[in-house]
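# got a sequence here, can you build the structure:
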Amino acid sequence: MHKKKPIFITFEGIEGSGKSYQAQRLYENLKKRNIPSILTREPGGTESAEKIREVILKDYFHAGTKEKFNKYTDTLLYLSARNEHLENKIRPAIKKKKIIICDRFVDSTLAYQVYGKGVDINFINSIHKKILKGIKPNLTFILTSNINKAMKRLKKRKNKNRYDKFSSNFYTKVQKAFIKISKTNSKRYIILDNSNDTPVTEKIIFSKFMKLLDQ
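Predicted coordinates:
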């Protein structure tokens, strides 16, 4: 019998790394063992945050126009969605001592917006200080992948959003950023090479989670 306690797990990585699939697999593995958990995502996770996600990820301007969101507008939309997600799902779940599995969280903002697009980190940190109020993941899995392999996975996607259409150079830069971020806290971050579609990654993730649950 596991002692009931809140556990917040996040999955990070570039598009095509397999992070969403692995988050889903962990959720299903816990469900099979009658370990209650919730699976959510960012941007999104709540009705209001999902509406913001639609604006962020869809090709929201007419074809042929050069107009696009300024990088700070883009970042503010992500942070707005996160605030809704925190207020209406994550914080209430933590108070109820639930297990939360989240596909993307603050590390994606740092990797994409700061390292990838050059947004001022102090700008993001100041907003995070206000909206996070100390909330941070207990464990973060960073899924890495051979870039060519990730690009092949993206090509197979039927429904693509604008974040599935960046160059391989951009994805390489972002993946390096995730690895750099992981070095700030070796206890929280676990980097897993998910280039090959094998069940090994899934087993490692489940094992690491159970170890955390038993602590």
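
# what residues sit buried inside stretch 160-175?
Buried residues in stretch 160-175, counted by 16 or more other C-beta atoms under 10 Å: 166, 171, 173-175. Where C-beta positions appear, they are placed from N, C-alpha and C, glycine not excepted.

# and of these, the nearest to G16?
Comparing those against G16 with C-beta to C-beta picks out Y171 as the nearest, at 7.6 Å.

# check contacts around that closest one.
14-16, 147, 150-151 (C-beta atoms under 8 Å, 6 or more residues apart in numbering).

# how about a cut-off of 10 Å?
13-17, 116, 145, 147, 150-151, 154, 163 (C-beta atoms under 10 Å, 6 or more residues apart in numbering).

# all helices for this structure, in order.
Under the criterion DSSP state H, the chain carries helices at the ranges 19-32, 47-57, 71-85, 91-95, 106-108, 121-132, 147-155, 168-182, 200-213.

# okay, T184: pLDDT?
What the model reports for T184 is a pLDDT of 90.

# should've said K3
Note for K3: predicted pLDDT of 64.

# hey, which helix or strand in the chain has the poorest pLDDT?
Within the chain, no helix or strand scores below helix 147-155, which has a mean of 85 by mean pLDDT, DSSP states H and E.

# point out the other helices and strands that it packs with.
With contacts defined as 3 or more C-beta pairs under 10 Å, 6 or more residues apart in numbering; DSSP states H and E, helix 147-155 has these neighbours: helix 168-182.

# re the thing from before, let me know the closest of the buried residues of stretch 160-175 to I190.
Once C-beta to C-beta is applied, the member of those that ends up nearest I190 is Q175, at 15.3 Å.

# for the closest one, what are its contacts?
13-14, 17, 111, 115, 142-147, 150.

# K180 contacts A111, doesn't it?
Yes. Under the criterion of C-beta atoms under 10 Å, K180 makes contact with A111 at 8.5 Å.

# so for the two, which sits in the more crowded spot?
Neighbour count, other C-beta atoms under 10 Å: between K180 and A111, A111 has more, with 24 against 12.

# gap between the more buried one and N34?
Separation of A111 from N34 (C-beta to C-beta, to the nearest Å) stands at 35 Å.

# with S80 instead?
Applying C-beta to C-beta to S80 and N34 gives a distance of 36 Å.

# could you save the contacts of Y171 as JSON lines and add columns showing distance to A49?
Compiled in JSON lines, the contacts of Y171 are given as follows (distance: C-beta to C-beta, whole Å):
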{"residue": "G13", "distance to A49": "20"}
{"residue": "I14", "distance to A49": "22"}
{"residue": "E15", "distance to A49": "19"}
{"residue": "G16", "distance to A49": "23"}
{"residue": "S17", "distance to A49": "22"}
{"residue": "G116", "distance to A49": "21"}
{"residue": "S145", "distance to A49": "27"}
{"residue": "I147", "distance to A49": "29"}
{"residue": "A150", "distance to A49": "26"}
{"residue": "M151", "distance to A49": "28"}
{"residue": "L154", "distance to A49": "24"}
{"residue": "Y163", "distance to A49": "16"}
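
# where's the spatially closest residue to I190 that is not a sequence neighbour relative to G13, distance?
Among residues not flanking I190 along the chain, F141 sits closest, at 5.3 Å (C-beta to C-beta, 6 or more residues apart in numbering). Distance of F141 to G13, given as C-beta to C-beta: 8 Å.
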